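K.L.:
Build me a structure from this.
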Amino acid sequence: MTDNVREDAIDRTWRDVVETARRTAAEGLVVGTSGNVSARVGDLVLVTPSGVPYDRLTPADTVAVDLEGRQVIGELRPTSELPLHLAVYRATGARAVVHTHAVHATAVSTLVDEVPPVHYMTGALGGPVRVAGYALYGSEELARNLLEALEGRSAALLRNHGTVVYGRSLEQAYDHTAQLEWMCRLWLLASSVPGRTPTLLTPEALTEATARLRTYGQPSP
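P.N.:
Now for the predicted structure:
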């Protein structure tokens, strides 16, 4: 990758990171400056900065670190959840990570150890989404707990905290974040009906749906 191509990729990806972060706020998945978004460009990770409202971010505020966490672009400090993002990139083929404090998903994280499979979109996340054990935000312990919960999955809940979803792109990571929040809201609504218990997908039904989801949508060009 030439310097010009690399700079163009970084500029374009930073715009996408900021746009996605703003979308999490606009669509109610975060409040204020909570949550964070990142994307990988080669050996760099572009990530939202700590404590800065997303609507104030400009191209001049680009923040990038290497996979060891050393800041190589920008003056603003990276998000306090940098260890979490880097852990995902080191352990998976992720190209983007979205972390939110989505209210329904966070509520579910306080109730169960795994999101009940109430909908076939569970298959798009690799199976029933697990809840990572609680640890202080921004800590290496939280990053380790997350990786355990992500084994074989592309999404996890953080106990009493929020959601983490990774994908092949920011678009996919965001879409799956929204789907996860919707499924958590669905389960909470269904399970709140007195005297009734939500019907869950069987492992066989989930396997069938997962296979069908692999061919969903338009073929790649």
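K.L.:
low-scoring stretches of the chain, by residue?
P.N.:
Scanning the chain for pLDDT under 70 picks out the ranges 1-2, 4-5, 217-221.
K.L.:
quick one: the helices in it?
P.N.:
In the chain, the helices defined using DSSP state H lie at 3-26, 82-91, 103-109, 140-150, 170-191, 203-213.
K.L.:
helices or strands next to the fifth one in the packing?
P.N.:
Packing partners of helix 170-191 (3 or more Cβ pairs under 8 Å, 6 or more residues apart in numbering; DSSP states H and E): helix 3-26, strand 96-100, helix 103-109, strand 155-158, strand 162-167. The C-beta positions use only the backbone N, C-alpha and C, and glycine is treated the same way.
K.L.:
Would you mind reformatting these (as a markdown table) and adding columns for distance to W182 and mean neighbour count while you're at it?
P.N.:
What follows is those, written out as a markdown table (distance: least, Cβ to Cβ, whole Å; neighbours: other Cβ atoms under 10 Å):
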| stretch | distance to W182 | mean neighbour count |
| --- | --- | --- |
| helix 3-26 | 14 | 17 |
| strand 96-100 | 13 | 29 |
| helix 103-109 | 8 | 21 |
| strand 155-158 | 12 | 27 |
| strand 162-167 | 12 | 27 |
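K.L.:
what would the ones you listed look like in a markdown table with distance to P117?
P.N.:
What follows is those, written out as a markdown table (distance: least, Cβ to Cβ, whole Å):
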| stretch | distance to P117 |
| --- | --- |
| helix 3-26 | 25 |
| strand 96-100 | 21 |
| helix 103-109 | 13 |
| strand 155-158 | 13 |
| strand 162-167 | 17 |
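K.L.:
Fine by me, we can end here.
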